[in-house]
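In: when you get a sec, could you give me coordinates for this:
(one chain, ligands or ions: 1)
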Amino acid sequence: MARTTITTQVAIMGAGPAGLMLSHLLAKQGIESVVVEIRSRQQIHETVRAGILEHGTVNLLVDSGVSDRVLREGDRHDGIELRFNGESHRINFKELVGESVWLYPQTDVFADLAARREADGGDVRYSVTDTTVHDLEGKPKVWFSDAEGHDVEVEADFIVGADGSRSRCRFQVPEANRKWYFHEYPFAWFGILAEAPRSADELIYANSDNGFALISQRTETVQRMYFQCDPHENVAEWDDERIWSEFRRRVNGNGFELKEGPVLEKMVLPFRSFVHTPMRHGNLFLAGDAAHTVPPTGAKGLNLAIHDVKVLFEGLDSFYSSGSTATLDSYSDRALDRVWKAQHFSYWMTSMLHTVPGADDFDRARQLGELHSVVGSEHGKAYLAESYTGWPTSR
Ligand code: DHB
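Out: Residues are numbered from 1 along each chain as shown. Below you'll find the model as predicted:
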């Protein structure tokens, strides 16, 4: 069967939050795009991811007209707790830097974006197969088979690889034209969703002699929590009692007790740092997880992806309105400026809060010294608060 050709301005690979947000911002300026996604809408919706949005992410969702549901149904958090040596220390974001974050799971961000694109008549093709990209240094093309099995070619001015951490677009960049940065960590996170009331109103990042744990929330009746584990941990070997006793060992004490309940889901989350530079090759632009991965401590992944597309949108908008490529040409540098800040912040939070296997008494005492030097200093706390709530967009 012959391939049907569609012509558009921007072809976007991936209908996760980055791809859909870019397509939405472009549509508002009258710039056409086609979004191509190998997963079904349902599959993306069911992906359990982190739940913290920086104020800049929230503002973009609300101000660009995606939805204000985050303000109605999300929870504003004005701080977090760092817990170590059995004591809690509050980092008051509002007081320190005048900002907050919102607890609003990524699955809801996706649902809002997908609904908005649908309502606005956006061209989003879910459940496609056999995607390939061509002519990245000239007039780029995407080939795929749509959900009905028809072969389609999308011809565009630009291709955006927003196709996630297993990005195929990334592999189209010749080795001589890119540098990859990797960092492995000697642990992972064991994540659960549990049916239980909230144990706290804000997130608790707990450092303990028995390793790290994070107490987060989802709803009145469902909670999200994590504990540091071995990267090869097998979730099947963990029943509810074993899971809760691990949390107790790391968080309970001095009058604080976690509220427990049936574990609804359990998973091991990979833990690594990765950056692909530059985030552009010819007319291909990479955005979000396709270009970088951060460890989950601090929940920067989605926020970085949204920042990437905000900056990329500015470049594309400027190109289509003025013909100038200057803003587009600065995309990679501007995006990477924040990516490396977030890499550092996620690495720092990770190393400050986790226990490295084989750590000795010196390592442990030094780590407690580091934690005390942060919570004992207005400057230390302000650095954490500024990074956690999100830096201003770089120029
Ligand atoms: C969540 C995940 C994180 O990685 C984090 O730092 C904070 C919250 C979450 O899933 O709620």
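In: where does the stretch 201-350 of the chain come near the ligand, residue by residue?
Out: Leu203, Leu214, Ser216, Arg224, Pro296, Thr297, Gly298, Ala299 (C-beta under 6 Å from any ligand atom). Backbone N, C-alpha and C define where each C-beta goes, glycine included.
In: go with 8 Å
Out: Within the stretch 201-350 of the chain, the positions adjacent to the ligand are 203, 205, 214, 216-218, 224, 226, 296-299, 301, 349 by C-beta under 8 Å from any ligand atom.
In: same question, the stretch 51-200 of the chain
Out: So far as C-beta under 8 Å from any ligand atom goes, the stretch 51-200 of the chain lies against the ligand at Gly51, Ile52, Leu103, Pro105, Trp189, Gly191.
In: kindly reformat the residues you listed as a markdown table containing pLDDT and secondary structure.
Out: Shown next, in a markdown table, are these (pLDDT from 0 to 100; DSSP: H, G, I helix; E, B strand; the rest coil):
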| residue | pLDDT | secondary structure |
| --- | --- | --- |
| Gly51 | 90 | coil |
| Ile52 | 97 | strand |
| Leu103 | 97 | strand |
| Pro105 | 95 | coil |
| Trp189 | 98 | strand |
| Gly191 | 97 | strand |
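In: mark which of those residues are buried, thanks.
Out: Among those, those classed as buried by 16 or more other C-beta atoms under 10 Å are Gly51, Ile52, Leu103, Pro105, Trp189, Gly191.
In: what's the farthest-apart pair in those?
Out: Spatial extent of these (C-beta to C-beta) is set by the pair Leu103 and Trp189 at 17.5 Å.
In: return the nearest residue of the stretch 51-200 of the chain with respect to the ligand.
Out: When scored by C-beta to the nearest ligand atom, the stretch 51-200 of the chain has Gly51 as its residue closest to the ligand, at 3.3 Å.
In: quick one: the strands in the stretch 51-200 of the chain?
Out: With DSSP state E, counting those that start in this stretch as the criterion, the stretch 51-200 of the chain has strands at 52-54, 75-77, 79-84, 87-92, 101-103, 123-125, 129-134, 141-145, 151-155, 158-161, 179-184, 188-195.
In: tell me where the stretch 151-300 of the chain has helices.
Out: 240-251 (DSSP state H, counting those that start in this stretch).
In: ok, Leu136 touching Ile159?
Out: Yes. Counting by C-beta atoms under 8 Å, Leu136 does reach Ile159; the two are 6.6 Å apart.
In: between those two, which contacts overlap?
Out: Contact criterion C-beta atoms under 8 Å, 6 or more residues apart in numbering; residues shared by Leu136 and Ile159: Asn283, Leu284.
In: the two - which one has more neighbours?
Out: Ile159 (27 against 20; other C-beta atoms under 10 Å).
In: what sits against the nearest residue to the more buried one once chain neighbours are set aside?
Out: Excluding the flanking residues, the one nearest Ile159 by C-beta to C-beta, 6 or more residues apart in numbering is Pro140, at 4.4 Å. Neighbouring residues of Pro140 by C-beta under 8 Å, 6+ apart: Ala11, Val133, His134, Glu155, Ala156, Asp157, Phe158, Ile159, Gly282, Asn283, Leu284.
In: tell me, how many residues neighbour the last one?
Out: By other C-beta under 10 Å, the residues close to Leu284 number 22.
In: could you measure from the residue nearest to Arg178 when sequence neighbours are not counted over to Pro186?
Out: Leaving out its chain neighbours, the residue that sits closest to Arg178 by C-beta to C-beta, 6+ apart is His276, at 6.0 Å. Distance of His276 to Pro186, computed by C-beta to C-beta, to the nearest Å: 23 Å.
In: tell me which of these two has more neighbours.
Out: Remark: of His276 and Pro186, His276 carries more neighbours, 23 against 13, as counted by other C-beta under 10 Å.
In: which strand residues bridge that one?
Out: His276 has the following beta-bridge partners by DSSP bridges: Trp180.
In: now render the strands of the stretch 51-200 of the chain as TSV, adding distance to Gln343.
Out: Below are these laid out as TSV (distance: least, C-beta to C-beta, whole Å):
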stretch	distance to Gln343
strand 52-54	16
strand 75-77	23
strand 79-84	20
strand 87-92	21
strand 101-103	19
strand 123-125	30
strand 129-134	27
strand 141-145	30
strand 151-155	33
strand 158-161	19
strand 179-184	8
strand 188-195	17
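In: go ahead and confirm His183 touches Ser273.
Out: Yes. Between His183 and Ser273 there is a contact at 3.9 Å, judged by C-beta under 8 Å.
In: now do the shared contacts for these two.
Out: Listed contacts common to His183 and Ser273 are Tyr347; contacts here mean C-beta under 8 Å, 6+ apart.
In: more neighbours: these two, which one.
Out: Neighbour count, other C-beta under 10 Å: between His183 and Ser273, Ser273 has more, with 19 against 14.
In: so who does the more buried one touch?
Out: Shown in contact with Ser273 (C-beta under 8 Å, 6+ apart): Tyr181, Phe182, His183, Tyr185, Thr293, Val294, Pro295, Gln343, Ser346, Tyr347.
In: so where's the stretch 251-395 of the chain shaky on pLDDT?
Out: For the stretch 251-395 of the chain, the stretches with pLDDT under 70 are 394-395.
In: which residues touch His391?
Out: Actually, residue 391 is Trp. It isn't His. Contacts of Trp391 by C-beta under 8 Å, 6+ apart are Arg338, Lys341.
In: and the nearest residue to Thr132 once chain neighbours are set aside, how far from Asp363?
Out: Nearest in space to Thr132, with sequence neighbours left out and distances taken as C-beta to C-beta, 6+ apart, is Trp143 at 4.8 Å. Distance of Trp143 to Asp363, computed by C-beta to C-beta: 52 Å.
In: ok and the residue in the stretch 101-250 of the chain nearest the ligand?
Out: Ser216 (3.3 Å).
In: dig out what that residue forms beta bridges with.
Out: Arg224.
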